[in-house]
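Asker: what's the 3D shape of this:
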Amino acid sequence: MRAKGGKDDFLPLKSSKKKEATVKEGGRRLVREEDEEDEEEERIAFTLGEKKEEYHRKVVREESSDEEGDWEKMQIRKAITGQKIQEAKEEVNGEGWLNGSNATLFNPEPAGTAPAAPPTLSRPTNYDLKGIRDRMKLRCSELKEVSRRHESDADKAVDELVTSQSEISRLEEDIPRLAGRHRMFQQLRGYFTDLVDCYDEKVGTITYMESRLNKMYEEHRGKLRERRRQDVRDQCDILHAMSSTVTIMLDPVQDAVRDFRVAEREGRQRRRRQARQNKNIMRHNEGLSSDDEMPGQDLAALANVKKDVENQARLVLEDVIEEFSVLSNVQDRVAVWREDDEESYKSAYVSLCLPKLFSPLIRMQMLFWNPFISETEVQEFDWYSTLAAYCLQNGESISSLVQDPDRNLLSLCVEKVVVPKIAEIIRTGFDPVSTSQTNRIIGVLSRLIRDYPTLTIKSKQLRMCFANVVELIKDSLDQDVYIPMYTKALMEYPHSQHNIFFQRQFYVALKLFKNILAWQDILSENILLELAIDSLLNRYLLLSLRANHDHTDAVDKARMIVDCLPECWLEKSGALKSKLGMFVKFLDTTGSDPNLQRDAIQEAARIAKKLGDQDVSDKLRMRL
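Answerer: Numbers count the residues shown, from 1 in each chain. Predicted structure coming up:
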């Protein structure tokens, strides 16, 4: 209306249109009461005017009061479940104070439901004097029981207090001793930490010196083996050229070098023959001796390497104080710990750590020890006598020794330090064809296994030694055994070059056969049967016997082979019968030769019987 320029700011109570209609009609039509009532019913109020705020306050008050009542009831229902209400009713009923007005607190009824009747109280059964007295007595007894428990708890608390005070007093008195133990452990911790740090730097140098010496031994062995195998190849070439009808063109340079090797070989043979004559050894077969003589320049080179290692060894521990570099000082420090606190000594498993703790000093003392060269026994070293007296007490008996945690100290040191050194020396310096080396290493290992209880087949270090020995023997079987085959015409003369070389190669194989069987009490029997019988006897030695045109000599060599077999194998000949079947068959065939001498037939029969084949033995004896 303002936009139209009107001045009225309110809604008219009566319709202006009707007024206009009336005016238009010229005032001829009067307004009746029915029309006014209809107009009042059609009126709708859109504003509240001055009572607007009062109206809103009233509506909000009514709504909030209704919501608060509903919210209280809802919270009561959440807090008090039906089970809690029942427990509360029972408790209140038992004490006899609940009435109808208070019951609504625990059992709020939903709106619009009638309140439940108040619960009935349990009443005493007896109202007389006796019933009252009994209830009083019961109540008194319950109170006495509660009082007794309280007194017991009080006495227990007093006892615990006394015990705690005595424990506090004891611990206070024990503080100086514990402080002393703490200082001791701190000193031990510092000492062993410094010792480990020191030898962490030195062990690398010690290992380098050992590897340098082992490399020297390996080079020495490699030169001897290669020279021996080259000598065999040279003799084969020379004999093949002698027996060949076709002219073979040779390189003059290689021919000169070979002639030089032949001259050296013959010179070594003459020197060995002269040495046997000086020892009055008249009976000897070529091939049984070990050709281990080295030229002077090679020996000088080895001596220089050894001297360099000796100079380096003197400088290894030069900057180390005696408290760490002397084995007896280290041992005394550990022994003091055991004497002062044996319980913690055992709990720390020190006995198992001692071999590793002492190993650098033991390795330094045994740096140049070699069982193939040195005559010194393990028991003759200073470290052995030092550790043998470790924590040894006067009047010690067998029973106390059994309980001693360090009773196997020497055995563990030998197993963890000495045996690995021997295993490495075997790998780099052992030659299975050498009888002297075989006897030396077997003697050392046999004594160690016999004297030290921890050296059993379960020992990892000992199994490493045996594995190295077996591997080297297999290599020798493949590379060092060679049996030449010649015609009867070339073998007819005993002093011919072909016959001498044939006999020499047989005795080389026989020497290796003896060396393998020398391990009988150390290596496994199955391994020895495979190496000695399957790989050597049936493959090479038996071939040499069959190729020998002198059957008498063949039977004599068969006797040598059987004499090498261990007696324990011959006693249970059933185990050997299957493996020696071809050997027994050779005896049967050779013994059936009509030109064979009587003594050779008897010898063949005896060998067959010794091997457990009675049928072949009886058959040969029937020919006598």
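Asker: mind listing what R463 touches?
Answerer: I457 (C-beta atoms under 8 Å, 6 or more residues apart in numbering). The way it works is simple: take the backbone N, C-alpha and C, and place the C-beta from them, glycine included.
Asker: Could you do M485 as well?
Answerer: So M485 contacts A547 (C-beta under 8 Å, 6+ apart).
Asker: next one: K356
Answerer: By C-beta under 8 Å, 6+ apart, the contact list for K356 reads K416.
Asker: name the element it belongs to?
Answerer: For K356, the host element (DSSP states H and E) is helix 350-365.
Asker: and that helix, which residues are buried?
Answerer: 350-351, 354-355, 357-364 (16 or more other C-beta atoms under 10 Å).
Asker: Stretch 257-273 too?
Answerer: In stretch 257-273, counting by 16+ other C-beta under 10 Å, buried: 258, 265, 268, 272.
Asker: Redo those residues as a markdown table? Include secondary structure, pLDDT and distance to E172.
Answerer: Shown next, in a markdown table, are those (DSSP: H, G, I helix; E, B strand; the rest coil; pLDDT from 0 to 100; distance: C-beta to C-beta, whole Å):
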| residue | secondary structure | pLDDT | distance to E172 |
| --- | --- | --- | --- |
| R258 | helix | 82 | 93 |
| R265 | helix | 85 | 88 |
| R268 | helix | 85 | 85 |
| R272 | helix | 84 | 84 |
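Asker: Average pLDDT for the helix holding K356, rounded please.
Answerer: Helix 350-365 comes out with an average pLDDT of 93.
Asker: Downstream of that helix, the next helix or strand is which one?
Answerer: Next along from helix 350-365, by DSSP H and E: helix 382-388.
Asker: Where does pLDDT dip in this protein?
Answerer: Within the chain, the stretches with pLDDT under 70 are 1-69, 75-127, 245-250, 282, 573-575, 624.
Asker: Looking at it, which helix is longest?
Answerer: The longest helix of the chain (DSSP state H) is helix 129-243.
Asker: what's that helix packed up against?
Answerer: helix 252-278, helix 296-316, helix 322-325, helix 327-340, helix 350-365, helix 419-429, helix 497-517 (3 or more C-beta pairs under 8 Å, 6 or more residues apart in numbering; DSSP states H and E).
Asker: buried sites along the last one?
Answerer: Just to be clear, that refers to helix 497-517. Those would be 498-517, for helix 497-517 by 16+ other C-beta under 10 Å.
Asker: Please tabulate the helices and strands packed on helix 129-243 in a markdown table, including the columns distance to H284.
Answerer: Shown next, in a markdown table, are the helices and strands packed on helix 129-243 (distance: least, C-beta to C-beta, whole Å):
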| stretch | distance to H284 |
| --- | --- |
| helix 252-278 | 6 |
| helix 296-316 | 26 |
| helix 322-325 | 51 |
| helix 327-340 | 47 |
| helix 350-365 | 40 |
| helix 419-429 | 26 |
| helix 497-517 | 10 |
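Asker: and of those helices, who's closest to V469?
Answerer: Taking C-beta to C-beta, helix 419-429 is the member of these nearest to V469, at 6.1 Å.
Asker: How about residues contacting the next helix or strand after the closest one?
Answerer: Per DSSP H and E, the first helix or strand lying C-terminal to helix 419-429 is helix 435-451. Here helix 435-451 makes contact (C-beta under 8 Å, 6+ apart) with 288, 290, 292, 371-372, 377-378, 414, 418-419, 422, 426, 429-432, 455, 462, 465, 469, 511, 514-515, 518-519, 521-522.
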